[in-house]
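Peer 1: requesting a structural model of the entry that follows:
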Amino acid sequence: MFDAKVNYLFFYLIVLEKNNYYLLLFSEINYIYQDLAFLLFNQIMLFSSTTFLFIFLPALFVVYFLLNKRYRNTFLLLVSLLFYAWGEHFLVLLMMCSISLNYIFGLLIGYSQKNLNAAFPKIFLFFGITTNLSILIFYKYSNFLIENLSYLGLKLNTNLNSVVLPVGISFYTFQSISYLIDLYRKEVESQKNLIHLGLYISLFPQLIAGPIVRYSDIFKEIKNRLVTKSMFQSGITRFIRGLAKKVVFANTAGFFADKIFSITVEDLPSSIAWFGIICYSLQIYFDFSGYSDMAIGLGRMLGFNFKENFNYPYISKSIREFWRRWHISLSTWFRDYLYFPLGGNRKGKLRTYFNLIFVFFVTGLWHGASWNFIIWGLFHGVFLLFERISPFILPSKFDFLRRIYVLLVVMIGWVFFRAEDLNYALVYIEKMFSFSSGIDYSPLAYLNYYNYLIIALAIFFTTPYRKTLENKMHELLKVPIFYDGLKYSFHLAIFIFTAMELAQSTYNPFIYFRF
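Peer 2: Sure, this is the predicted structure:
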């Protein structure tokens, strides 16, 4: 559209030489401005976008480090709200409303703990959690609930198709709830500074796709933090690695996954179906862990220490271990704020089994208002149940079989996660294990030596062997200046290569933004 407008403008400039149609010129300039505004401001500002990398981020750091420390939190809060409003527009008001409500509930809980009887903190906590969940349910699950109630024969004359899902609402809602619960448990004190609490909830590095940061982990850094040279440097390298994960590995794998999952499943050969789910497994890992790496890196550059969110989940030997390594901030959130309060494993076997299944039902539902996500969560919950009832024990030399078992379970689960509907998912899984031929091999036409290399490297980097190589390189180059010089040169080369990839590619989605 923009290119067409430019061509029209050149045409009218020629006309202007003879006719002086100034109004026409201004009209075309206005149209071009509108197109540019749409391109820039009607989309979420991705970390892996040129706007963020070469405009937003440099301007942020220049102003941030020139400012007096007293004003940095205020500046960061304004920047975070601008970052969110860039693509979400008026929905930033919802986040500001969430900040204000949780600030008030936090003050009420804190005040009642010191001045009122024991019932009041619990009442205020109940209303605080209910308010947060009500907002989340309305924006994320209202249409899903109405649709399912209609299947039960309850006809509701309510049209909520105009309700837009705010990006990242699941993440910042859970952060708000954890603040109120930790406050009720007296693990932290109520935050009396609205700017500080607002910064905790809206801090842009982890705002729209995690990791889920707990107030108890960073409240001291919000109040007072120090950015050291080594911390800033480690933040840069961590951000660049995350950017490469996203742009090079996730985007390449995602391109093939999207091509394959767009094919009518009956036309898919089994081999292509397996290739598709392998590519999606790589895409979702590098997409999400790459974003987490970038968030952790940005946090370090600003003086915050966010906890790790991924720890090589695809090398796990059990589904239980997988969830200790995958999306760690979410799994520990559910453990501490849902599983343990339900009784955990302290109230007998049957209650433990119920708690597990219920937690993974909610885990699936958290990811999306769809039966596909619910079944994905229950699918993992059932295998966790089986592992608890009858552990999968093998001699150590056969550990690779346990890893194969986990990969099979996880990849089958990802089919439910990726498929557009439940029927497609079930037929796709059937196609995977029917080992049948099909008629559509078109995705293979896009494969070349570069893509083969990227997918092979992606598989390699799902393992911890990168760290092994890095440690061996550190031992070989015993002089720190040589090792550091090589490391920073390598990361600079990666950044340049990634920027070149961004410049020539239009495929750049983030999977977890919709959650």
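
Peer 1: now Asn68. Its backbone dihedrals?
Peer 2: Backbone torsions of Asn68, given as degrees, to the nearest 10, read phi -60, psi 140.

Peer 1: what pLDDT, on average, does stretch 270-282 get?
Peer 2: Mean pLDDT, stretch 270-282: 95.

Peer 1: hey, C-alpha coordinates of that stretch in PDB?
Peer 2: Listed in PDB are the C-alpha atoms of stretch 270-282, where the atom choice follows Å, rounded to 0.1, in the frame of the first residue of the first chain:
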ATOM      1  CA  SER A 270       2.900 -38.700   7.500                       C
ATOM      2  CA  SER A 271       6.500 -37.600   7.000                       C
ATOM      3  CA  ILE A 272       5.500 -34.000   6.400                       C
ATOM      4  CA  ALA A 273       3.200 -34.100   9.400                       C
ATOM      5  CA  TRP A 274       6.100 -35.100  11.600                       C
ATOM      6  CA  PHE A 275       8.300 -32.400  10.000                       C
ATOM      7  CA  GLY A 276       5.600 -29.900  10.700                       C
ATOM      8  CA  ILE A 277       5.300 -30.700  14.400                       C
ATOM      9  CA  ILE A 278       9.000 -30.800  14.800                       C
ATOM     10  CA  CYS A 279       9.300 -27.400  13.300                       C
ATOM     11  CA  TYR A 280       6.500 -26.100  15.600                       C
ATOM     12  CA  SER A 281       8.200 -27.600  18.600                       C
ATOM     13  CA  LEU A 282      11.300 -25.700  17.700                       C
END
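
Peer 1: tell me the pLDDT at the residue nearest the centre of the chain?
Peer 2: Closest to where the C-alpha atoms of the chain average out (C-alpha atoms, centre = their mean) is Ala209, at 3.1 Å. pLDDT recorded at Ala209 is 76.

Peer 1: that one reaches Phe510, doesn't it?
Peer 2: Yes. Ala209 is within contact range of Phe510, at 6.3 Å (criterion: C-beta atoms under 8 Å). Every residue, glycine included, has its C-beta placed from N, CA and C.

Peer 1: between these two, which contacts overlap?
Peer 2: Taking C-beta atoms under 8 Å, 6 or more residues apart in numbering as the contact criterion, the residues that touch both Ala209 and Phe510 are Tyr291.

Peer 1: related to what we said a few turns ago, separation between the residue nearest to the centre of the chain and Met294?
Peer 2: From Ala209 across to Met294, the span is 10 Å (C-beta to C-beta, to the nearest Å).

Peer 1: all strands for the stretch 351-500 of the chain, in order.
Peer 2: Counting by DSSP state E, counting those that start in this stretch, the stretch 351-500 of the chain yields no residue ranges for strands.

Peer 1: now do stretch 415-428, average pLDDT.
Peer 2: Computed over stretch 415-428, the average pLDDT equals 92.

Peer 1: now that stretch: buried residues?
Peer 2: Neighbour-count burial for stretch 415-428 flags Val415, Phe416, Phe417, Arg418, Ala419, Tyr424, Ala425, Val427, Tyr428 (criterion: 16 or more other C-beta atoms under 10 Å).

Peer 1: try stretch 134-147
Peer 2: Buried positions in stretch 134-147, judged by neighbour count with 16+ other C-beta under 10 Å: Ile135, Leu136, Tyr139, Lys140, Tyr141, Asn143, Phe144.

Peer 1: surely the first one is in contact with Asn102?
Peer 2: Just to be clear, that refers to Ile135. No. Counting by C-beta under 8 Å, Ile135 does not reach Asn102; the two are 10.7 Å apart.

Peer 1: farthest-apart pair in the buried residues of stretch 415-428, please.
Peer 2: Spanning the widest gap among those are Phe417 and Val427, at 15.7 Å by C-beta to C-beta.

Peer 1: show me where the stretch 1-150 of the chain dips below the pLDDT cut-off.
Peer 2: In the prediction, the stretch 1-150 of the chain carries residues with pLDDT under 70 at positions 1-43.

Peer 1: show me where it has helices.
Peer 2: For the stretch 1-150 of the chain, the helices defined by DSSP state H, counting those that start in this stretch occupy 2-19, 22-41, 50-51, 57-66, 69-88, 92-115, 119-151.

Peer 1: can you lay out those helices as a markdown table showing distance to Ser370?
Peer 2: Rendered in a markdown table, the data for the helices of the stretch 1-150 of the chain read as follows (distance: least, C-beta to C-beta, whole Å):
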| stretch | distance to Ser370 |
| --- | --- |
| helix 2-19 | 35 |
| helix 22-41 | 29 |
| helix 50-51 | 31 |
| helix 57-66 | 34 |
| helix 69-88 | 22 |
| helix 92-115 | 22 |
| helix 119-151 | 7 |
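
Peer 1: tell me how many other residues crowd Leu107.
Peer 2: Residues lying near Leu107 (other C-beta atoms under 10 Å) number 17.

Peer 1: same question, Asn451
Peer 2: Other residues within reach of Asn451 by the criterion other C-beta under 10 Å amount to 15.

Peer 1: do the one 5 residues further on as well
Peer 2: Look at Ala456: counted by other C-beta under 10 Å, it has 10 neighbours.
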